[in-house]
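Asks: sequence first, predicted model second:
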Amino acid sequence: MAKIVEVSQLQKQFGKFQALKNVSFELNSGEVLGYVGPNGAGKSTTIRTLLGLIKASSGTVKIFGKDVWTDSIDIHKDLAYVPGDVYLWPNLTGGEIIDLFLKMHGAFDAEKRDELIKKFEFDPKKKARSYSKGNRQKVALIAALASKAELYIFDEPTSGLDPLMEAVFQDEVARLKAEGKAILLSSHILSEVERLCDRIAIIAAGEIVEYGSLEEMRHLTRYEFKVETRKEATDLANQAYIYDLKVDEHDPLKIAFQADSDKILMVLLELTAYDVVKIDSNPQTLEELFMHHYSQGRG
């Protein structure tokens, strides 16, 4: 896989405020990178830097091996971008705007454009002034997905779309990935990120707090246990590796708790004393991992 995006020790200051602190990540061809974090964490500042709209205070940021600030015009020939809020020319139709975007970009697939218009159930004949937020997003998505690019940057791309249209977008991202394209996806829909992304970067207060595959991250997270026993687990709450123990108010033989992933064997050994009837365990979701860092950042 070829390296498409290389960000190393990126810092950005606005006056005395440091928006980004030593941000580093990579994105390869045929890969989807999820970029998530709370509002104000630095996601948009990072993306604006990648697009060459603002200049980094220090560090290196390269796309296709080229500097994003000095070579932005060259880079944009092979880059497609969808922002989280799209503003359109009110007197042009959606179809006219899509064609304008595609001609400005350069290489595009007209058949793919027509296919996407049908898939997204989009009416290209209406004036843009009449479009809802979801339809404005569709204009940008159709134009980006029909363009022939090597890197796709999506910043909250499904904002305003209903679940069926979100599914269409997800199918298209899977197609791009299969074609060897590189995709940077910043999304507030964590289930979408979890489903689509090969690697995830979580940013909080301008710093990357987690970076890697979800499985690599989960070695730092806890497992959720739901257990039914024949004997009351009276001593379980006293174990240092058991967290957030909850006993079912209607049935004291049903309990739920969390434990670190490296303590699973100890959990199983402890549970044998209570005559287990049923046990379910699952790793934390990306949302739980994200909220863990978000609450830490706020505290």
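Replies: Cool, the structure landed.
Asks: as a quick check, tell me the outermost residue of this protein.
Replies: Residue farthest from the centre of the chain, counting by CA atoms, centre = their mean, is K231 at 43.1 Å.
Asks: in a helix, that one, correct?
Replies: No: secondary structure assignment (DSSP: H, G, I helix; E, B strand; the rest coil) places K231 in coil, not in a helix.
Asks: contact partners for it?
Replies: 253, 273-275 (CB atoms under 8 Å, 6 or more residues apart in numbering). Any C-beta I mention is one placed from the backbone N, CA and C, and that applies to glycine too.
Asks: kindly report the same for V139.
Replies: 86, 88, 94, 97-98, 101, 122, 128, 131.
Asks: closest one to T158 out of the residues you listed, please.
Replies: V86 (12.1 Å; CB to CB).
Asks: pLDDT score for the closest one?
Replies: You'll see V86 listed with a pLDDT of 89.
Asks: and the contacts of stretch 265-280?
Replies: With CB under 8 Å, 6+ apart, stretch 265-280 has contacts from 225-233, 236, 239, 241-242, 253, 259.
Asks: got a quick ChimeraX command for the buried subset of these?
Replies: Buried members of those, defined by 16 or more other CB atoms under 10 Å, are picked up in ChimeraX with:
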select :225,227,229,233,236,239,242,253,259
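Asks: so where is the stretch 1-150 of the chain shaky, pLDDT-wise?
Replies: By pLDDT under 70, the stretch 1-150 of the chain contains no weakly predicted segment.
Asks: one more pass at 80, please.
Replies: 1 (pLDDT under 80).
Asks: which strand residues bridge the nearest residue to P157 once chain neighbours are set aside?
Replies: Excluding its sequence neighbours, the residue lying closest to P157 (CB to CB, 6 or more residues apart in numbering) is V82, at 4.6 Å. Beta-bridge partners of V82, counted by DSSP bridges, are F154.
Asks: mind listing what V82 touches?
Replies: 137, 140-141, 144, 152-155, 157.
Asks: and which of the residues you listed is nearest L51?
Replies: For these, the nearest to L51 is I153 (7.2 Å; CB to CB).
Asks: next, count neighbours for the closest one.
Replies: 24 (other CB atoms under 10 Å).
Asks: what about it, distance to Y81?
Replies: Going from I153 to Y81 by CB to CB, to the nearest Å gives 5 Å.
Asks: can you check L236 too?
Replies: Taken as CB to CB, the span from L236 to Y81 is 51 Å.
Asks: and D260, by the same measure?
Replies: D260 is 40 Å from Y81, by CB to CB.
Asks: the two - which one has more neighbours?
Replies: Just comparing D260 and Y81: by other CB under 10 Å the higher neighbour count belongs to Y81, 21 against 16.
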